[in-house]
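Asks: Structure here, sequence nowhere to be found:
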């Protein structure tokens, strides 16, 4: 059995309504669906973090043909240079492209051996994977009116609690009007009650002085975690002296996190880290350093299935993963879009990733990308053509 073909399909994963964040407004994500087919007709599927992975994967296709699909290490060494995190040779696009291929190769392994990927990664530690539900201010789009006020955001969260049992929430908290951030979180706490989990994602919106202003109120409200409150970790380190709120971030420098004492958690995903093998090593290193880890949001069902298996297999991933699943009306898998219930998603059943690529849905999302073009997550409706600079305030 050898590799017959390697295929990459860039797609658009739209949101039902654009959400407002510190850098602008975001209405969609791009991803790249990967398929590895063997000479025996078995197909492994995966997802790379961006449309930008497609040209890399298409270039690799001819080199992979005729190779052993089970020899993942040999295939990796054909296309991925050594990339110690945060060193001079760190090509995140190449690493993410390989990550999508590697996910597909693990899915293929699972299908061939009749085992879920989580079993192949060391065993299933948990079958219910925790998630938060995301809130933010959102612009109207189509039949979705969005949320333009604190009261509307609160009502949105109440609706999630009523319909899906959600009690763990995370949201964009990056208003340049500083008191409004406090009012938003306080209104959520007052309405959702003391037992609701509240996490804030500020996407580097605040200077140290602004974060120092917000921190006492945020701590009093009982914030579970504050993601990227400041643009730099040096500022975050100074902020640590004034609050016990845990911090998280997307910079994957474990050594720096240990040296600075912040953040308390790192946030990434399977493909972005270079696949299952690299992710498991990375999370184990986090565990040894006393740093938490969870996965971010914005994937299709394929990417989500990948980190469901990773989170099921690694005992250190205890905290809830981020989730925009509720705001994603389209998917490329038959089983999607996933919908967490009572803050959890079950590990998919069946061999490999346990999900099925839907050809019609894949074609729809690929066509969306061709029709709409690339999304601009830095678009500012109030200043078109001008990129915001952090901190906002």
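Replies: Arrived safely, thanks for sending. These figures come from a predicted structure and were not determined experimentally.
Asks: Please, where are all the strands along the stretch 151-300 of the chain?
Replies: With strands called from DSSP state E, counting those that start in this stretch, the stretch 151-300 of the chain shows them at 168-172, 197-201, 225-227, 247-249, 265-268, 292-295.
Asks: show me what contacts the closest residue to residue 358 other than its chain neighbours?
Replies: If the residues on either side of it in the chain are set aside, residue 358 comes closest to residue 334, at 4.7 Å by C-beta to C-beta, 6 or more residues apart in numbering. To be clear about C-beta, it is placed using only N, CA and C from the backbone, and glycine gets the same treatment. By C-beta atoms under 8 Å, 6 or more residues apart in numbering, the contact set of residue 334 is 355-358, 361.
Asks: between those residues, which is nearest residue 16?
Replies: Relative to residue 16, the closest of those is residue 361; by C-beta to C-beta it sits at 15.9 Å.
Asks: Show me what the helix or strand where the closest one lies is packed against.
Replies: Assigned by DSSP states H and E, residue 361 falls within helix 359-372. Helices and strands touching helix 359-372, by 3 or more C-beta pairs under 8 Å, 6 or more residues apart in numbering; DSSP states H and E, are strand 3-21, strand 24-38.
Asks: Show me what counts as buried in that helix.
Replies: Using 16 or more other C-beta atoms under 10 Å as the test for burial, helix 359-372 gives 361-362, 365-366, 368-369.
Asks: before we move on, what about stretch 235-242?
Replies: 235-240.
Asks: ok, and what's touching it?
Replies: 207-208, 211-212, 215-216, 229-230, 247, 249, 260-263.
Asks: Quick one: residues contacting the residue nearest to residue 43 when sequence neighbours are not counted.
Replies: Using C-beta to C-beta, 6+ apart and skipping the chain neighbours, the partner closest in space to residue 43 is residue 37 (4.8 Å). Residues counted as contacts of residue 37 (C-beta under 8 Å, 6+ apart) are 3-7, 43.
Asks: what helices or strands is the lengthiest helix in the chain leaning on?
Replies: The single longest helix within the chain, with elements called by DSSP state H, is helix 92-113. Applying 3+ C-beta pairs under 8 Å, 6+ apart, we find helix 92-113 packed against strand 24-38, strand 43-48, helix 53-64, helix 72-79, helix 117-120, helix 276-289.
Asks: In JSON lines: those, plus mean pLDDT and distance to residue 105.
Replies: Listed next are these as JSON lines, based on pLDDT from 0 to 100; distance: least, C-beta to C-beta, whole Å:
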{"stretch": "strand 24-38", "mean pLDDT": "97", "distance to residue 105": "6"}
{"stretch": "strand 43-48", "mean pLDDT": "98", "distance to residue 105": "6"}
{"stretch": "helix 53-64", "mean pLDDT": "97", "distance to residue 105": "10"}
{"stretch": "helix 72-79", "mean pLDDT": "96", "distance to residue 105": "5"}
{"stretch": "helix 117-120", "mean pLDDT": "98", "distance to residue 105": "10"}
{"stretch": "helix 276-289", "mean pLDDT": "97", "distance to residue 105": "9"}
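Asks: out of these, which comes closest to residue 344?
Replies: Going by C-beta to C-beta, the one of the helices and strands packed on helix 92-113 nearest residue 344 is helix 117-120, 15.2 Å.
Asks: quick one: that closest one to chain centroid distance?
Replies: 21 Å (C-alpha atoms, centre = their mean, to the nearest Å).
Asks: what does it contact?
Replies: Contacts for helix 117-120 (C-beta under 8 Å, 6+ apart): 106-107, 109-110, 113, 124, 276, 306, 309-310, 312-313, 347, 352-353.
Asks: what do you get if the cut-off is 7 Å, keeping everything else the same?
Replies: Under the contact criterion C-beta atoms under 7 Å, 6 or more residues apart in numbering, helix 117-120 has outside partners 106-107, 109-110, 124, 276, 309, 312-313, 347, 352-353.
Asks: Downstream of it, the next helix or strand is which one?
Replies: strand 128-130.
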